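Asker: what would the 3D arrangement of this be:
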Amino acid sequence: MFLRAVKLSSFGGLVSSAFISKTKQDSCNIKLDTADNVLGSCNVKLETINDIGRPEFSGLNVMETAGPEYSDLNCSDKSEKQDCDNETKTEEATEKVDFTADFELSEAEVIRPNEQGRQQAQAEKLKAAIAKARDLCWCKMYESGTPGMIVAISVNGKQVWQHGFGYSDLENKLLAGTGCVMRIASISKPLTMAVLAKLWEEGKVDLDSPVTKYVPDWPKKLVGEKEVDITLRQLCCHMSGVRHYMRKKEDEETEEFDMRHERFLKEVFATTDESIELFKDDKLLSAPGEKFNYTSHGFTLLAKVIENVTGQPFDKYMEDQFASLGLHNTYLDQASPIIYNRSKYYIRDKHHRLRNAPYVDNSYKWAGGGFLSNVGDLVKFGNAMLYSYQQKNGVSVQTRPPAPPPPVKLPDVVPESPHAKTEEAQPAKTEEAQPEIPKSPETLLPKIEEIPPEDPDNPETEDLKSNPKTKNIDYLATLTDVVYQPGPYANVNKSPTPPIRYLPGYLKSSTMAELWRPQAGANLKWGGDDLVYGLGWAVRQRKKYYGFCLDQQHYVAHTGGGIGASSVLLVAPQPPQEGSRLPQGVVVAILCNMQGVGGLNKLAAEIGKAFHGFDQEKPVKVQKVYQC
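Answerer: Below you'll find the model as predicted:
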């Protein structure tokens, strides 16, 4: 006889049971002592095995105690009846123990080790990137002295971090929240360019046509004694020669933020024609296509083109386009409407003291710098442009699903079942042999047994009165193309992952490629980087000529500088990987409620570089912090 002690755990407790099997031996004498039962647990200890030689057990008595006492198992000579009873009790105890041992498995998420390690590595990389971005923003705030700054970052179409620094209203001690609405200034140009490009796709405008084709009232321009034409493309890339806020002879006399500057206009311009009156009779700064001259008035002229093509006022048409783009927190910069979460604006005087920004009206430059927005809408717009740029196939990358197979037509004569053949085997010998109907191994041919009608005199149909009518289907043909899946963790014969279906972008990929293509001669510098202006966007081209040397990543961006506000929107595309979801890239948006904050383009580029290469399939928790 041998004893085996098994320790089982179920539902948070420890259950101890002893399985005793009996073998015929000459004699045995077993003394089994059990240890203390503490908190529902029982430990069984086997001390000695003595007196082996008896033919079989004579008795088994188990004394159960509820507490820290011992239970003894004594073997003594009993009758055969008691042996049978003890065996029965032992079997019942064994069955009871087996029943108790059935415990449920915890429903834990099963993750492959490699996948779990990759996700953990990406989470650590995200944490480090956020810490670096926060430090860069604090350094820029201390350097520039801006009272408030809002930052939002999106990676591969998912917003991974947004943060509010400082105050949006110093006088009322309101912290800068991530939903704070500010002036975006010249970031209005990419928005206007997207709407104009949509009309170009529809064939309503031609970028290489002269402006006079769409604005007949535009006066003829002379450079020297030669009459020149300005095209829409030249207006989009600031190569038209149309002035900015200063006239040709005022460049050296007037500072950019002088109070006599056109930036500080307070009059309300009801129509686009009134805005064009500001500059339409002024001389060109250079011949069209000859030199890069940044201009916001040139986009006001594009607004007039959009008006004449669509037949709607520019401000009303842009509000409709904001709704189409899903930019629900983007508005016209008007002083009278109530706009929630609108920030106050600040400037620094010559002694670097903080002052409230003077009141201005931006209705004269809606298209070039007259919109309000928040970082959430700017990131969404950046992702919309990035998605349009990378969505090559227009409608969908998934091919149409195969058409369902045509229904199988059953033959007029259904083959008989094996049961029917055995019943009619004898009479079938005398009759002529019936031709066999060939069976198609690829077609499922069910045989529907006919149910006899109910007959009160027929005992075989008595059960039809109470039971519902059912049809028994006997499959005679061999099943084909069967997908066998033995269990939830089996990868055998599983269907491949269905391809990702994509909606079309706001613009076509070819259109976005044209907008982000550098235009010849449109060179500029923002934040120390050598950029080339495209159509409504500034482009930094990829540069990498030598190993372990300069590696300049490609991005497109646009900064904004208005009265009491500074901003930047940067989009850094990444090459889409096979099987990855679009868009692929980093989008950074930064808003400040103080004018003249320099270096925002460089700041956005550094933040985007910190998040370069980050990829996490699961959605991350966006950190919304309101910190002074």
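
Asker: which residues of the stretch 501-628 of the chain fall in strands?
Answerer: Per DSSP state E, counting those that start in this stretch, the stretch 501-628 of the chain carries strands over the ranges 523-526, 529-533, 538-540, 555-562, 565-573, 585-592, 624-627.

Asker: quick one: mean pLDDT for the second one?
Answerer: Pointing back at strand 529-533 there. Averaged over strand 529-533, pLDDT sits at 90.

Asker: that one relative to strand 555-562, how many degrees between them?
Answerer: For strand 529-533 against strand 555-562, the angle by axes from the mean of the first three to the mean of the last three Cα atoms, to 10 degrees is 90 degrees.

Asker: so what's the residue count around the residue nearest to K125 when sequence neighbours are not counted?
Answerer: Spatial nearest neighbour of K125, excluding adjacent residues (Cβ to Cβ, 6 or more residues apart in numbering): F614 at 5.6 Å. All C-beta spots, glycine's among them, are computed from the backbone N, C-alpha and C. Counted with other Cβ atoms under 10 Å, the neighbours of F614 add up to 19.

Asker: what does A384 give?
Answerer: Neighbours of A384 (other Cβ under 10 Å): 20.

Asker: what's the pLDDT at the residue nearest to it when sequence neighbours are not counted?
Answerer: Nearest residue to A384 in three dimensions, chain neighbours excluded: Y506, at 5.3 Å (Cβ to Cβ, 6+ apart). Y506 carries a pLDDT score of 96 in this model.

Asker: now swap in H328 and tell me
Answerer: pLDDT at H328 comes out at 96.

Asker: now do E225
Answerer: At E225, the pLDDT value in this model is 86.

Asker: one more: K304?
Answerer: Per-residue confidence at K304 stands at 97 (pLDDT).

Asker: wait, a helix at it?
Answerer: Yes: K304: assigned to a helix according to DSSP: H, G, I helix; E, B strand; the rest coil.

Asker: list the contacts for L372?
Answerer: Counting by Cβ atoms under 8 Å, 6 or more residues apart in numbering, L372 makes contact with V181, M182, R183, I184, T330, Y331, L332, D333, I339, R342.

Asker: so the second one sits in a helix?
Answerer: No: counting by three-state DSSP, M182 is not part of a helix but strand.

Asker: list the residue ranges of the stretch 401-550 of the chain that fall below the pLDDT cut-off.
Answerer: Low-confidence regions of the stretch 401-550 of the chain, defined by pLDDT under 70, span residues 401-499.

Asker: what's the helix or strand harbouring Q159 packed up against?
Answerer: Element membership of Q159 [criterion: DSSP states H and E] is strand 158-169. Judged by 3 or more Cβ pairs under 8 Å, 6 or more residues apart in numbering; DSSP states H and E, strand 158-169 is in contact with helix 113-144, strand 148-155, strand 174-175, helix 375-390, strand 624-627.

Asker: mind giving me CSV with those and columns for distance to E578 and mean pLDDT?
Answerer: Listed next are the helices and strands packed on strand 158-169 as CSV, based on distance: least, Cβ to Cβ, whole Å; pLDDT from 0 to 100:
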stretch, distance to E578, mean pLDDT
helix 113-144, 17, 88
strand 148-155, 19, 97
strand 174-175, 44, 96
helix 375-390, 13, 97
strand 624-627, 34, 48
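
Asker: so of these, which one's packed in deepest?
Answerer: strand 148-155 (a mean of 27; mean count of other Cβ atoms under 10 Å).

Asker: pull the CA atoms of that one into CSV?
Answerer: Extracted C-alpha coordinates of strand 148-155, given in CSV (Å, rounded to 0.1, in the frame of the first residue of the first chain):
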residue,chain,number,x,y,z
GLY,A,148,0.6,80.6,-22.4
MET,A,149,1.4,77.8,-24.8
ILE,A,150,-0.7,74.9,-26.1
VAL,A,151,0.8,71.9,-27.8
ALA,A,152,-0.7,68.8,-29.5
ILE,A,153,1.0,65.9,-31.2
SER,A,154,-0.4,63.2,-33.4
VAL,A,155,1.5,60.1,-34.5
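
Asker: partners of that strand, with directions?
Answerer: Sheet pairing of strand 148-155 (DSSP bridges) gives strand 158-169 (antiparallel), strand 585-592 (antiparallel).

Asker: hey, which of these is tucked in deepest?
Answerer: Here the criterion is mean neighbour count by mean count of other Cβ under 10 Å, and of those the winner is strand 585-592, at a mean of 30.

Asker: and the angle from that one to helix 113-144?
Answerer: Using the same axes, to 10 degrees: strand 585-592 against helix 113-144 is 30 degrees.

Asker: now do the contacts for D273.
Answerer: Counting by Cβ under 8 Å, 6+ apart, D273 makes contact with D217, K304.
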